[in-house]
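Colleague: no sequence for this one, just the structure:
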């Protein structure tokens, strides 16, 4: 069957197909914002109060990345609002806020076999609200500008009607409608304005005076976080609420064994134990009492894989690397280029990386009269709703999700086990319950950034060109794992994913060269390591950039060319070249000569470009980073301070992953039990950081993940320049 607007056949192998009738899918959805007394609703994005306050609905979870501020700033700019009167609130679940771009980015195009219009319709129909893939501004800028423009036009029409003038001669500024010397506040106009008609086409602002976009406006979420009044999921308090702690089965294990309750019979505050399919929770009148009860009960689980270890995972990756792989991308004829030629080969590897967010997995649940309410910091609220509803056997329309800000996340809150667990415990206890994973549990049950092993081979030609490039990457099929969990209740998406072969685009994302290689190939060697993996800030780019940028330095040494010039000569992206030259100038690049302790690396990612210069040395056997200099071109900047914060945070995040941030496995369980085991850098280890934001009128690119990929290779290249040997494993292990 051919793809058409009327129908779509998604095949998943012999005899498997899912027919979706395009014509019966809805095309329009109504807003469902709730208005407080005195507020007037303007569509799905905006409310204006009689006192003039402007409330913007934000469909993205605030994880510290500044989404609340940036998205509100876009609308307020188009509206002509006074920033001091702008507030935000989480948007309700609604197809209008679906984010197909976020799904495309986080899954690295695994659903792009669908026509674009079908992907958008599918995302809306399944309420695919996602905070993922550095997509917030890119996905919602147009919608927010149109919402602000619509409200601005309606307010101008209402004022013009009162004044008896042409509305097109009116403008808005600082929360007023202005016509000559006349001024009217938004608040008193709002109710009348909402009933007027909009012109077609809708005029967007083109003037430059008084624009909020491009200014470093103060963040809306920070004051409450500073004074402690911000409410997170763990701050929720409900009448008659109890608290739960949890132990979950390690990888490969199954149901919990019966608990010897005699050991906890005399413990104060303990109310009961609740058992799930692969977990057991203690419920008490305080969380600490529940946690202590679990420690005393010491739950055991059936099965398990006690032989699972770091060594076994490494061996599986090496076996995968030496076995057959699937070609994910290619150009030219590598066989001819490599035949009989002198080639350079190097092996690299990375370990499991933990999310280690400040806030562990947390959810508060209340089930009353068949209606479930959940307070949690989810990045995929509709998926959390579906998981909770399935867990206790109710319909999704009986579940209300209260989206809370997250204390970090880095991708961890795409998972929704905690929602199903909290719902199950609340249903059994018949009381509201707050479930909080301990730090140990959070590290043990993490969906880690996958480990990977790579073998890179290249041929250096005349004039320091790279004639051929082959990257073989052994790694788990993390994209498929994420998709299986994210689309557990979405038959169409699951069927579409079966169209791919055994290779996983997510697992090799970022390995496709943005350099000018006439001949290249990227192979994925899927490996089952026995440990679940998931999305982690920047995903596979965090290791593919390490592989690529370190190997490029090695090739530069073979060609006897300094590393910056080597990159510039083969880079096909002018914006990236500017980042490289800017970082080099700011950092005082000395050519990466032996003893300089300087290294450089770059990356292009989600429409943005970055170059990082690092200065590092060994303090005994411990790597030390002295300085990081970054030059960034992320297109048009909505709020430069937000970008600066995310780049600085990404640099530190990437440095932490280079120096620590990983867990091993022994006897079937993660060896990291608390933050101290991750060997994270301390405040005293923070290097001098310089960030230059390059002005650009290109469309905004992604920012929150951008700085992570190039940091580790820049540091590795600097350490090679400092000590004369190459570290090829992340996190860096001390030399013997």
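Modeller: Structure received. Keep in mind that this is a model prediction, so the values were computed, not measured. Numbering: from 1, shown residues only.

Colleague: For the stretch 601-736 of the chain, which residues score under the pLDDT cut-off?
Modeller: 734-736 (pLDDT under 70).

Colleague: quick one, helices of it?
Modeller: Shown for the stretch 601-736 of the chain, the helices assigned by DSSP state H, counting those that start in this stretch span residues 640-659, 708-723.

Colleague: in the lengthiest helix in the chain, what's buried?
Modeller: Using DSSP state H to assign secondary structure, the helix with the most residues in the chain is helix 136-163. By neighbour count with 16 or more other CB atoms under 10 Å, helix 136-163 contains the buried residues 136-141, 143-160, 163. The C-beta positions use only the backbone N, C-alpha and C, and glycine is treated the same way.

Colleague: List the residues that contact the nearest residue to residue 671 once chain neighbours are set aside.
Modeller: Nearest non-adjacent residue to residue 671, counting by CB to CB, 6 or more residues apart in numbering: residue 664, 4.4 Å away. Counting by CB atoms under 8 Å, 6 or more residues apart in numbering, residue 664 touches 309-310, 351-352, 670-672.

Colleague: Write the PyMOL selection for whichever of these are buried.
Modeller: To isolate the buried subset of those in PyMOL, counting by 16+ other CB under 10 Å, use the following:
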select buried, resi 309+310+351+352+670+672
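
Colleague: Among the contacts of residue 664, which lie within strands?
Modeller: Of the positions in the contacts of residue 664, residue 670 sit in strands, assigned by DSSP state E.

Colleague: Reformat the contacts of residue 664 as CSV; add distance to residue 567.
Modeller: Below are the contacts of residue 664 laid out as CSV (distance: CB to CB, whole Å):
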residue, distance to residue 567
309, 38
310, 34
351, 27
352, 30
670, 37
671, 37
672, 35
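
Colleague: Look at residue 431 and say how many residues are nearby.
Modeller: 18 (other CB atoms under 10 Å).

Colleague: so how far is residue 369 from it?
Modeller: Counting by CB to CB, to the nearest Å, the gap from residue 431 to residue 369 is 14 Å.

Colleague: would you list every one of the helices in the stretch 151-300 of the chain?
Modeller: Going by DSSP H, counting those that start in this stretch, the stretch 151-300 of the chain shows helices at 186-193, 222-227, 287-297.

Colleague: Show me what the longest one is packed against.
Modeller: When contacts are defined as 3 or more CB pairs under 8 Å, 6 or more residues apart in numbering; DSSP states H and E, helix 287-297 packs onto strand 242-248, strand 270-275, strand 279-284.

Colleague: at 10 Å instead, please
Modeller: Under the contact criterion of 3 or more CB pairs under 10 Å, 6 or more residues apart in numbering; DSSP states H and E, the helices and strands touching helix 287-297 comprise strand 242-248, strand 270-275, strand 279-284, strand 433-436, helix 439-444.

Colleague: Determine which of these approaches residue 119 most closely.
Modeller: helix 439-444 (33.1 Å; CB to CB).

Colleague: Not counting that closest one itself, show me its contacts.
Modeller: Contact with helix 439-444 is made by 245-248, 250-251, 279, 291, 294-295, 354-357, 359-362, 412, 418, 436-438, 663, 669-675, 677-678, as judged by CB atoms under 10 Å, 6 or more residues apart in numbering.

Colleague: Please pick the buried ones from those.
Modeller: Buried among those (16+ other CB under 10 Å): 245-248, 250-251, 279, 291, 294, 354-357, 359-362, 412, 418, 436-438, 663, 669-670, 672-673, 677-678.

Colleague: returning to that earlier point: show me which of the contacts of residue 664 is closest to residue 110.
Modeller: Among these, and counting by CB to CB, the member closest to residue 110 is residue 352, at 22.3 Å.

Colleague: so that closest one sits right up against residue 530, yeah?
Modeller: No: counting by CB atoms under 10 Å, residue 352 does not reach residue 530; the two are 11.4 Å apart.

Colleague: residues near the nearest residue to residue 277 once chain neighbours are set aside, how many?
Modeller: Among residues not flanking residue 277 along the chain, residue 255 sits closest, at 6.2 Å (CB to CB, 6+ apart). Neighbour count for residue 255, taken as other CB under 10 Å: 15.

Colleague: OK, contacts around residue 255?
Modeller: By CB under 10 Å, 6+ apart, the contact list for residue 255 reads 249, 275-280, 301-303.

Colleague: With pLDDT and distance to residue 84 added, can I get these in TSV?
Modeller: Shown next, in TSV, are the contacts of residue 255 (pLDDT from 0 to 100; distance: CB to CB, whole Å):
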residue	pLDDT	distance to residue 84
249	96	51
275	96	52
276	96	48
277	94	51
278	96	50
279	97	47
280	98	50
301	94	55
302	91	59
303	87	59
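
Colleague: Could you tell me which residues touch both of residue 352 and residue 530?
Modeller: With CB under 10 Å, 6+ apart, residue 352 and residue 530 have common neighbours 313, 665.

Colleague: so how far does stretch 427-442 reach from one end to the other?
Modeller: Start and end residues of stretch 427-442 are separated by 23 Å (CA to CA, to the nearest Å).

Colleague: next one: it to chain centre, how far?
Modeller: How far stretch 427-442 lies from its chain's middle: 25 Å, per CA atoms, centre = their mean, to the nearest Å.

Colleague: thinking again about what came up before, any idea how far the residue nearest to residue 277 is from residue 38?
Modeller: 54 Å.

Colleague: And residue 527, by the same measure?
Modeller: Distance, residue 527 to residue 38, by CB to CB: 59 Å.

Colleague: So for these two, which residue has more residues nearby?
Modeller: Between residue 527 and residue 38, counted using other CB under 10 Å, residue 527 has the larger neighbour count: 24 against 14.

Colleague: Give me the nearest residue to that one, chain neighbours excluded.
Modeller: In space, and not counting its chain neighbours, residue 527 is closest to residue 320: 3.7 Å by CB to CB, 6+ apart.

Colleague: so residue 261 touches residue 275, yeah?
Modeller: No: using CB under 10 Å as the test, residue 261 is too far from residue 275 to be in contact (11.9 Å).

Colleague: quick one: which of these two has more around it?
Modeller: residue 275 (16 against 12).

Colleague: residues in contact with the more buried one?
Modeller: 255-259, 281, 299, 424, 428.
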